[in-house]
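A.B. asks: Next input, structure requested:
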Amino acid sequence: MRSFAPLSFLSPVVCLIFASRAVRAVFRLLPAPPSLTCFVRADAIWSSQLWQVIQVARGDAMAAATEAFQNIRTVRAFSAEKVEEANYDKNTRKALRYGLMEAFG
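C.D. replies: Below is the predicted model:
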């Protein structure tokens with residue numbers, strides 16, 4: 001007869017997984033308190049507004065990079081590499097700043 005002693009360490013892990021699923025299922029059935037609902041809604045609105053700003057900044061950075069690559073001869077002729085790099089850097093830093101703001105609140 002085989003012993004299942006090597007697998008005995010898994011039983012607390014399995015219990016924890018199924019217990020957490022059961023707790024989540026129960027909380028889904030219970031109505032949320034109004035104060036919590038208002039907080040979650042306000043946080044979702046704030047987060048979506050930040051996400052829109054981040055996406056616009058990323059789009060601006062991509063547009064600046066695309067424009068610089070399409071006009072590479074003009075950029076090189078006028079030695080405007082630093083200007084184009086600063087334009088791209090400004091937009092990516094803006095996206096990073098708002099992304100960090102969203103991540104850390």
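A.B. asks: CA only for contacts and neighbour counts going forward, please
C.D. replies: Noted.
A.B. asks: Tell me the spacing between A80 and N71.
C.D. replies: For A80, the distance to N71 equals 11 Å [Cα to Cα, to the nearest Å].
A.B. asks: If you could redo that for V40, that was the one I meant.
C.D. replies: V40 is 46 Å from N71, by Cα to Cα.
A.B. asks: send the alpha carbons of stretch 38-45 over as PDB?
C.D. replies: Only the C-alpha atoms of stretch 38-45 are listed here, as PDB (Å, rounded to 0.1, in the frame of the first residue of the first chain):
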ATOM      1  CA  CYS A  38     -19.700  55.100  -3.600                       C
ATOM      2  CA  PHE A  39     -16.000  54.700  -2.900                       C
ATOM      3  CA  VAL A  40     -15.500  52.100  -5.600                       C
ATOM      4  CA  ARG A  41     -17.500  54.100  -8.100                       C
ATOM      5  CA  ALA A  42     -15.500  57.300  -7.400                       C
ATOM      6  CA  ASP A  43     -12.200  55.300  -7.700                       C
ATOM      7  CA  ALA A  44     -13.300  53.700 -11.000                       C
ATOM      8  CA  ILE A  45     -14.100  57.200 -12.400                       C
END
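A.B. asks: Rounded mean pLDDT for that stretch, please.
C.D. replies: Throughout stretch 38-45, pLDDT has a mean value of 77.
A.B. asks: do the same with stretch 87-105
C.D. replies: The pLDDT scores in stretch 87-105 average 85.
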